[in-house]
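*Asks:* got a predicted model here, sequence first, then my questions.
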Amino acid sequence: MGNLTAAYHDKYNVNIQNPASLPHLKATSFEVGLNAKYSRLAEGAVQYNGWTGNLSYFSLAFPLSNPINDLLDRVDRKYQLGMSFSLNPYTSVGYDILTTGAETGVGNFERNYIGAGGTYTALWGTGLKVKDFSVGVNLGYLFGKIGTNRTIRFFNLPTAFNNFERINTHITGFVYNLGLQYDFVLNKEELLENPSLPKKQITIGMYGNPSTSFNTSTDELFLIIRDVVPSLPTDTIVNVLDAEGKGKLPGKFGVGVMYNNGDIWGIGINFETQNWSAFENDQNPIELINSYKVSMGGFYSPNPTAFNYFKRIQYKAGIFYSKEPFEVLGQEVDTYGITAGFGLPFVNVRKISNANIGVGLGVRGRNTAISEEFVKLNFGFTFNSTDWFLKRKYN
């Protein structure tokens, strides 16, 4: 839905970004998401086409009381609690760039830049709902490894001295974020007379965190290798193990509003900003700029309880625009696109679950030195269960 996270909550689907959504869950939900992305990058007449993919996230979330017990025991709870565990990619690095050139007196040469790895966050979240107000917190651990290789080879110089550099950086740190949501129910009196009516409500939500620090441990090796057979290191310029460093991750703030007409349809808008200008990394100093993202989207399900399967499908769509935290040759880079998808219900062990299929079309860096057009495919599965914390009763 374009990235509606601040004000979104659901009874059977998890919203990892805003932990205030957790106490709205009515069933245990295990979710896993995957993505695949096809990109076309262009720098003037030079183009590159290729596929990438990654884990989007996986999570386990559940209410800390079973609503079936409350119904059977006629318990009217004044509050609800929810909890989650999740693993999410935070950054991803993957490139292999080969360039060739020639210089007078040197001849032909080749540069090769390779990068791989990334970082992840393992999160524990919990949320509390009292009446129409909910609050939540995510606490997590950041970890991962990023490796880069850089080589320069000379082809026309006999027994040339070629350069080889390898840097591996391990990253660790602690992260957290807070969330708030408030529901304005517009038809309370009608629901008291007929609880089966769709609940019409406006939800306002926000989430955020200040800047947090992280630690790095870096191994760096820089060799000069003479181009003979067999190739052997001629000299070691740098050989450093476990060089310690520090860094700072940017703070984040998001706010949004969403209108829901029960489970039939909903529409919302979301704004998120990050202060990447405060980013620091001793091992890789770089200047970034503040970024933001605006998105709008919604869903429609003709009749969520109908016998006709196509009327129970949840149809989703959204649009988004963002300014990236970096520049290309002094030019700011923006990204915009559209998203669409389906929530497909299915029965798993007599429980209603969902398969989510989505596609996003977008453009990044138009009218800059390097532009990208991409198609992103998203696949997700939600398996629900109402058996957790269920009290067994025998007559």
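*Replies:* Received the coordinates, thanks. The model shown is predicted, which means the values in this text are computed figures rather than measured ones.
*Asks:* mind listing what Glu190 touches?
*Replies:* Leu197 (CB atoms under 8 Å, 6 or more residues apart in numbering). (C-beta placed from N, C-alpha, C; glycine too.)
*Asks:* typo on my end, Gly337
*Replies:* Here Gly337 is in contact with 319-320, 360-363, 374 (criterion: CB under 8 Å, 6+ apart).
*Asks:* of these, select the buried ones using a PyMOL command.
*Replies:* Selecting only the buried entries of these in PyMOL, with 16 or more other CB atoms under 10 Å as the criterion:
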select buried, resi 319+320+360+362+374
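*Asks:* mind giving me JSON lines with the contacts of Gly337 and columns for distance to Gly266?
*Replies:* Supplementary listing: those in JSON lines, determined by distance: CB to CB, whole Å:
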{"residue": "Ile319", "distance to Gly266": "15"}
{"residue": "Phe320", "distance to Gly266": "17"}
{"residue": "Gly360", "distance to Gly266": "19"}
{"residue": "Leu361", "distance to Gly266": "22"}
{"residue": "Gly362", "distance to Gly266": "23"}
{"residue": "Val363", "distance to Gly266": "27"}
{"residue": "Phe374", "distance to Gly266": "27"}
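*Asks:* between the contacts of Gly337, which sits nearest Glu327?
*Replies:* Proximity of the contacts of Gly337 to Glu327 (CB to CB) peaks at Val363, which lies at 17.0 Å.
*Asks:* roughly how far apart are the closest one and Gly144?
*Replies:* From Val363 over to Gly144 the distance is 29 Å, taken as CB to CB, to the nearest Å.
*Asks:* again, but for Val14
*Replies:* 23 Å.
*Asks:* ok, Tyr38 next?
*Replies:* Tyr38 is 25 Å from Gly144, by CB to CB.
*Asks:* before we move on, the earlier item: more neighbours: which of Val14 and Gly144?
*Replies:* Val14 (24 against 18; other CB atoms under 10 Å).
*Asks:* avg pLDDT for stretch 355-368?
*Replies:* On average, the pLDDT along stretch 355-368 is 93.
*Asks:* so what touches that stretch?
*Replies:* 33, 316, 320, 324, 328-329, 331, 333-344, 346, 371-382.
*Asks:* same check on stretch 95-108?
*Replies:* 109-115, 154-157.
*Asks:* separate out the buried members of these.
*Replies:* 109, 114-115, 154.
*Asks:* between those, which sits nearest Met258?
*Replies:* Gly115 (38.1 Å).
*Asks:* residues contacting the closest one?
*Replies:* Here Gly115 is in contact with 93-96, 146-149 (CB under 8 Å, 6+ apart).
*Asks:* in the host helix or strand of it, what's buried?
*Replies:* Using DSSP states H and E, Gly115 sits in strand 107-130. For strand 107-130, a neighbour-count test (16+ other CB under 10 Å) marks 109, 114-115, 117-121, 123, 125-129 as buried.
*Asks:* can you pull out the strands in the stretch 151-300 of the chain?
*Replies:* 161-185, 200-209, 212-226, 232-249, 252-261, 265-274, 280-281, 291-300 (DSSP state E, counting those that start in this stretch).
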